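**Q** can't give you the sequence, but here's the structure:
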């Protein structure tokens, strides 16, 4: 229910389409006159069927009029395949009426009379006219036809509004915002659906072109057509979530942040107590350096402390992913216990908005406070080619929404071990992170060693040391520091005898040196 400044209220109808109510600012206003436009195959008919089956009742039935489109029997043959379709409502709560012969033989006045008679007899709550574009084509091109169409639209809107019906006109409009026609002026709401082929993927988008009396989420929103019907992925969070994000940000700024353990004592030491709560952390390193292992330890440690977690993966299926870390069995048990959710997203036409939608749903379901995205490299490969153009901007928005919800986000990023320079990915993703942990390979005395360092922790001191580490059956274990080495980032460092020795095995003097001191 929406209440205006003057005290008037408008009831909102839930659309029954996941994500669409958020885009519309709470649903469709009852008794509104709406146009749903889009090209062939964009999902117009499925969208309207989904809304009608969600709202039609015995007290407020639905009427679906077909004009010159496909006959009702053929349409229902395919619509019944969706899970929202309820055959018990057909020819009862929902009736389908064909007016094709009327428009061909007697014109628009006969169509209008037919609609009015059916509406008066049934007193429906929802009325659909499909396809409105076909009506326009039958009289297009003459001055009399244009006047007749304008009169038809105005009278149709007047009758249906007076009978308190929520109305949807379906039409094949590719760019409804540029069409010069009275229906666009009279309509209270205008939804534009589109689909576009981008290399080897298909991306569908929805835009609210017009919406009277409500504040919708602006922009283009991606959606999918699944076995359950349409599913919309809003590009922005709900307004109340956005407000909560600002509150979390202000509270974090005014109070000292709690530190979260990574599950690796040595890494916590380098971070001067752990990861600040609500931070985004980037673990960057080459293949096999242990990024996934460290991320899994971070999640496992949180669950041990009563902090549920979510892992988003893109490169391997969950079963295969769990085998990549020695903590796989622990993670499997945590999934069974409901303490951990694994979100697997790998389609090549994925959008960042869909990822955000699924992550938020998993966070709300598990009440997670720790999230791992493994990896950003796989994530970028999984999204549709069109979304890669603004991947950095979309990723910035995704991370902002997640941290705004109060969760701590750890992201892994595979980088090429470019010796001689410090690189943090091909797209300069370092600006996304509040903290960065860098992993590298180096050659020490003919052996390949792993080293780690903390590049930054925003607003906090941190260790500047390089630390050697091993990947064991229990996860990452940090070893000695590496003082005295020059050129660690080159991959083949030298050790100067004039530099002070660090702690650990490499810092102890050799036996010949000990004898000379005696």
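**A** Thanks, I have it. Quantities reported herein were computed from a predicted structural model and do not represent experimental measurements.
**Q** mind listing the strands for the stretch 151-300 of the chain?
**A** Applying DSSP state E, counting those that start in this stretch to the stretch 151-300 of the chain gives strands spanning 166-171, 189-198, 201-211, 220-226, 229-233, 259-260, 275-276, 280-285.
**Q** any chance of those strands in JSON lines, with mean pLDDT, mean neighbour count and distance to residue 40 too?
**A** Using the backbone N, CA and C atoms, a C-beta is placed for each residue, glycine as well. Listed next are the strands of the stretch 151-300 of the chain as JSON lines, based on pLDDT from 0 to 100; neighbours: other C-beta atoms under 10 Å; distance: least, C-beta to C-beta, whole Å:
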{"stretch": "strand 166-171", "mean pLDDT": "91", "mean neighbour count": "25", "distance to residue 40": "11"}
{"stretch": "strand 189-198", "mean pLDDT": "89", "mean neighbour count": "19", "distance to residue 40": "9"}
{"stretch": "strand 201-211", "mean pLDDT": "90", "mean neighbour count": "19", "distance to residue 40": "13"}
{"stretch": "strand 220-226", "mean pLDDT": "93", "mean neighbour count": "20", "distance to residue 40": "14"}
{"stretch": "strand 229-233", "mean pLDDT": "96", "mean neighbour count": "23", "distance to residue 40": "16"}
{"stretch": "strand 259-260", "mean pLDDT": "96", "mean neighbour count": "20", "distance to residue 40": "51"}
{"stretch": "strand 275-276", "mean pLDDT": "96", "mean neighbour count": "24", "distance to residue 40": "50"}
{"stretch": "strand 280-285", "mean pLDDT": "95", "mean neighbour count": "25", "distance to residue 40": "42"}
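**Q** Tell me which of these lies nearest to residue 89.
**A** strand 229-233 (14.9 Å; C-beta to C-beta).
**Q** residues in contact with the closest one?
**A** For strand 229-233, the surrounding residues in contact (C-beta atoms under 8 Å, 6 or more residues apart in numbering) are 17-20, 22-23, 43, 46-47, 49-50, 82-84, 206, 221-225, 351, 353-354, 356-357.
**Q** any idea how far stretch 28-46 is from the chain center?
**A** Offset of stretch 28-46 from its chain centre (C-alpha atoms, centre = their mean, to the nearest Å): 23 Å.
**Q** what's the span of that stretch, first residue to last?
**A** 17 Å (C-alpha to C-alpha, to the nearest Å).
**Q** Check stretch 467-487 too.
**A** Stretch 467-487: ends 14 Å apart by C-alpha to C-alpha.
**Q** let's number from 46 now, not from 1
**A** From this message on, residue numbering opens at 46, which makes the last subject stretch 512-532.
**Q** Let's have the strands of the stretch 196-345 of the chain in CSV, adding distance to residue 367.
**A** As requested, the strands of the stretch 196-345 of the chain are exported to CSV (distance: least, C-beta to C-beta, whole Å):
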stretch, distance to residue 367
strand 211-216, 46
strand 234-243, 32
strand 246-256, 28
strand 265-271, 26
strand 274-278, 27
strand 304-305, 23
strand 320-321, 23
strand 325-330, 18
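**Q** which one of those lies closest to residue 352?
**A** It's strand 304-305; of the strands of the stretch 196-345 of the chain, that one is closest to residue 352 (C-beta to C-beta) at 7.7 Å.
**Q** What is the closest one packed up against?
**A** Helices and strands touching strand 304-305, by 3 or more C-beta pairs under 8 Å, 6 or more residues apart in numbering; DSSP states H and E, are strand 320-321.
**Q** Residues contacting stretch 137-147, please?
**A** So stretch 137-147 is contacted by 97-98, 101-103, 106-113, 116-117, 120-121, 135, 155-156, 159-160, 163, 167 (C-beta under 8 Å, 6+ apart).
**Q** Residue 448 - that's part of a helix, no?
**A** Yes - counting by DSSP: H, G, I helix; E, B strand; the rest coil, residue 448 is located in a helix.
**Q** so how many other residues sit close to it?
**A** 21 (other C-beta atoms under 10 Å).
**Q** Now intersect the contacts of strand 274-278 with the helices, please.
**A** Residues of these located in helices (DSSP state H): 65, 67-68, 91-92, 94-95, 398-399, 401-402.
**Q** Flag the shaky bits of the stretch 396-545 of the chain, pLDDT-wise.
**A** Counting by pLDDT under 70, the ranges of the stretch 396-545 of the chain that qualify are 462-474, 528, 536-537, 541-545.
**Q** what ranges do the helices span in it?
**A** Here the stretch 396-545 of the chain has its helices, by DSSP state H, counting those that start in this stretch, at 397-411, 421-427, 430-433, 436-449.
**Q** which helix in the chain runs the most residues?
**A** Ranked by residue count, the top helix of the chain under DSSP H comes out as helix 188-207.
**Q** The nearest residue to residue 254 once chain neighbours are set aside: what's it in contact with?
**A** Distances taken as C-beta to C-beta, 6 or more residues apart in numbering put residue 235 closest to residue 254, at 4.2 Å, once the chain neighbours are dropped. Contacts for residue 235 (C-beta under 8 Å, 6+ apart) come out as 79-80, 82, 221-222, 229, 253-256.
**Q** what do you get for residue 217?
**A** Residue 217 is in contact with 82-85, 89, 176, 178, counting by C-beta under 8 Å, 6+ apart.
**Q** got a winner among these for most neighbours?
**A** Highest neighbour count within these: residue 82, with 27 neighbours (other C-beta under 10 Å).
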